[in-house]
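Asker: My questions are about this predicted structure, shown below with the sequence.
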Amino acid sequence: MKRIAVVASGRGSNFQAVIDAIRNGKVPAECAALITDNPKAYALERARKAGVPCRIIDYAAFPSREVYERALLATMQEANADLFVLAGYMRILGASIVMAFPGKIINIHPALLPCFTGLHAQRQAVQHGVKVAGCTVHFVDESLDGGPIILQKCVPVLDSDDEDALAERILSHEHQCLPESIRLFCEDRLVIEGRKVRII
């Protein structure tokens, strides 16, 4: 059984979806740790309730991003995970971390990549007037939300949608897409071929 570690910054609803999928036997994995840069993240409460060990690397406590990332890298190495899951982690991983875990970090993003990378993807979708939005799970590389795509789910954009309404509907699909992607990884069914992922 593979060990996963979740890295999150906020309320942790995707983290909860992963925990629930593991408990329900849908994902053959052990959640070995929650790592957060935010000591006030509600994800910590979810972890405590689930008995998942927590590691807090408070970004504000470090004098620079470089020093913070060294501490984060050391914490990730200590977690000894087969897969790191970025679930609402609101920072960009530095190259040193990405290179330390090639093919072992995935991210959930609230857009149909390659469209609307970075922050506020739902707002971008509404402002651009697209008819279909969604979410993407992808492997993390040194680009911004540009790593090989594992799974995507589409969500229609309604004429009445604002950013919050669209975000909430996309989130419900994220809660399906992320555990499914982790399951495929844990079953050794994901093969990275250049910029693409083949599911076997």
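Answerer: Yes, it's here.
Asker: Show the contacting residues for the residue nearest to A8 when sequence neighbours are not counted.
Answerer: If the residues on either side of it in the chain are set aside, A8 comes closest to A43, at 4.3 Å by C-beta to C-beta, 6 or more residues apart in numbering. (C-beta placed from N, C-alpha, C; glycine too.) Contact analysis of A43 by C-beta atoms under 8 Å, 6 or more residues apart in numbering lists V6, A8, S9, G10, R11, G12, F15, L34, T36, G88.
Asker: Could you export those to CSV, including columns for distance to V132 and pLDDT?
Answerer: What follows is the contacts of A43, written out as CSV (distance: C-beta to C-beta, whole Å; pLDDT from 0 to 100):
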residue, distance to V132, pLDDT
V6, 28, 98
A8, 27, 98
S9, 27, 98
G10, 26, 97
R11, 26, 97
G12, 27, 98
F15, 27, 98
L34, 32, 98
T36, 32, 98
G88, 23, 96
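Asker: Which members of the residues you listed are classed as buried?
Answerer: Neighbour-count burial (16 or more other C-beta atoms under 10 Å) is assigned, among the contacts of A43, to V6, A8, S9, G10, G12, F15, L34, T36, G88.
Asker: can you list the contacts of A43 in JSON lines and add distance to H128?
Answerer: Supplementary listing: the contacts of A43 in JSON lines, determined by distance: C-beta to C-beta, whole Å:
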{"residue": "V6", "distance to H128": "31"}
{"residue": "A8", "distance to H128": "28"}
{"residue": "S9", "distance to H128": "26"}
{"residue": "G10", "distance to H128": "25"}
{"residue": "R11", "distance to H128": "26"}
{"residue": "G12", "distance to H128": "29"}
{"residue": "F15", "distance to H128": "29"}
{"residue": "L34", "distance to H128": "34"}
{"residue": "T36", "distance to H128": "32"}
{"residue": "G88", "distance to H128": "23"}
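Asker: Mind pulling the model confidence for D141?
Answerer: We have a pLDDT of 96 for D141.
Asker: same question but for C54, I mixed them up
Answerer: Looking at C54, its pLDDT reads 98.
Asker: quick revisit: for the residue nearest to A8, grab phi and psi.
Answerer: Dihedral pair for A43: phi -60, psi -30, per degrees, to the nearest 10.
Asker: Please apply the same query to D161.
Answerer: The phi/psi pair for D161 (degrees, to the nearest 10) is phi -70, psi 140.
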